[in-house]
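**Q** pasted the sequence and its predicted model underneath.
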Amino acid sequence: MSADTMMLTIFLRHDQSQNLEQLQGRLDDADWWREFPPEGCEVVSWVVAMGVGQIVTLRLPAHRLASVNVELERRAWGTFTTDFYPTYDFVPVRERLAEESDVRRGVLTP
């Protein structure tokens, strides 16, 4: 990931006052499935968290952040409430920290 690239995790919390058919209809009307995420953004993960909604992590050039916001306003509002979290991949950091811990503790790794 380059210095001008970022990751953004978006919580799409379902509007529980609507049933699934109503939600899908709103998303269809907004062309959600074809237009989100906007061009230039990569979907890293998209999962359903039961009781919460959908959690989407995007990788994008930092200058595309405003376009993500605009597309969510255009296409998701009324179906989801949204929370945004800048994120990064912790797996390589965790692996490094585990190795450093082993060294500090004198534990040999295979």
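**A** Yep, it's here.
**Q** list the buried residues of stretch 65-83.
**A** 65, 67-68, 71-72, 75-76, 79-80 (16 or more other Cβ atoms under 10 Å). In this view, the C-beta of every residue, glycine as well, is placed from N, C-alpha and C.
**Q** between which two of those is the distance greatest?
**A** Taking Cβ to Cβ as the measure, the buried residues of stretch 65-83 span a maximum distance of 21.2 Å, between Leu65 and Thr79.
**Q** contacting residues around Gly78?
**A** With contact set as Cβ atoms under 8 Å, 6 or more residues apart in numbering, Gly78 has these partners: 15, 26.
**Q** what residue ranges in this structure score low on pLDDT?
**A** Within the chain, the segments meeting pLDDT under 70 span 1-2, 109-110.
**Q** my guess is Met6 contacts Val68. True?
**A** No: proximity of Met6 to Val68 does not meet the contact threshold set by Cβ atoms under 8 Å, at 10.2 Å.
**Q** residues contacting the closest residue to Trp32 other than its chain neighbours?
**A** Distances taken as Cβ to Cβ, 6 or more residues apart in numbering place Arg75 nearest to Trp32, at 4.8 Å, with adjacent residues excluded. Counting by Cβ under 8 Å, 6+ apart, Arg75 makes contact with 27, 30-32, 35-36.
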